[in-house]
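# sequence and predicted model, in that order:
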Amino acid sequence: MEVNVIYHQSCLEGLKLMPDECVDLIFTDPPYYQFRAKNVQGLKKHTDIVTEFGFDGFKSEEEYLRFLEDVLIECFRVCKPGGSGYLWCGDDFVSYLNRMVERVGFQFRKVIHWHKTNPFPAIFTRKMYSNSMEMVVHFSKGSPKTWNNKPVNEMHNFIQSPICMGKERSKHKTQKPLKVCFPFIEISSNEGDLVLDPFLGSGSTAVASKMLKRNYIGYELSEEFYLIASKRLEQVPE
């Protein structure tokens, strides 16, 4: 098994080729319910404002949930005893994921809240608040073996930062800023550990891992995002 590699393939196929209990940390942002805006006057630049459901290529909610649970089953197999995981999700999905991670064998530990200080605006005609919160489900395979405490005021289940902006921003609509990746990778892994991201997207997990001197393995099915992630990694000094 090669490490420090992005695999351009389905994560479910790739995970099945990985040996048992080889991963120290799972950190991933699966394609949970995505929303798209269409023809919204004055808001054409904002392409992920709530207007309609979508499942990122899945035919139904049931098909998507079966796939995600199959991926988590494989994640449990490849995770070392004492390994941790962080799974991004929306607020309407978090309780379901809590139960799913426990169903496949992990222990649910805590929901962490990311407050986006510059969220996309809500559409006034739908009478909704801006979606300024995103959740992270923290879980582990047994009691966490690695837990690198930070100062007390940095150990809250809450993190605040803008969404991805400026030079860090890619074409990926749900790209996670490195600022919200670093703390969790630092707390739940050590230098030289292996970090797995089955849904790598634009590569934030791999980039953060490389910068923090962790090893990584990522899977990304989209050729466009695979190339974006590969380019971002090339720009990180060895």
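Cool, the structure landed.
# show me where the chain has strands.
For the chain, strands defined by DSSP state E occupy the ranges 5-7, 23-28, 34-35, 53-54, 79-89, 107-116, 133-140, 158-161, 194-197, 215-219.
# how about a markdown table for these, with mean neighbour count, mean pLDDT and distance to Glu13 added?
C-beta coordinates here come from the backbone N, C-alpha and C atoms, glycine included. Shown next, in a markdown table, are the strands of the chain (neighbours: other C-beta atoms under 10 Å; pLDDT from 0 to 100; distance: least, C-beta to C-beta, whole Å):
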| stretch | mean neighbour count | mean pLDDT | distance to Glu13 |
| --- | --- | --- | --- |
| strand 5-7 | 18 | 97 | 9 |
| strand 23-28 | 25 | 98 | 16 |
| strand 34-35 | 14 | 43 | 22 |
| strand 53-54 | 11 | 44 | 23 |
| strand 79-89 | 22 | 97 | 18 |
| strand 107-116 | 16 | 96 | 27 |
| strand 133-140 | 22 | 95 | 23 |
| strand 158-161 | 14 | 94 | 33 |
| strand 194-197 | 26 | 98 | 15 |
| strand 215-219 | 25 | 98 | 8 |
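# closest one to Lys171 among those?
For Lys171, the closest of the strands of the chain is strand 34-35, at 14.4 Å, according to C-beta to C-beta.
# Asp193 and Leu15: what is the separation?
The gap separating Asp193 from Leu15 is 18 Å, by C-beta to C-beta, to the nearest Å.
# may I have the beta-bridge partners of Gln107?
Ser140 (DSSP bridges).
# ok, it touching Ser140?
Yes: counting by C-beta atoms under 8 Å, Gln107 touches Ser140, with 5.3 Å between them.
# need the pLDDT of the residue nearest the centre of the chain.
Taking C-alpha atoms, centre = their mean, the centroid of the chain lies closest to Asp29, which sits 2.1 Å from it. For Asp29, the model assigns a pLDDT of 94.
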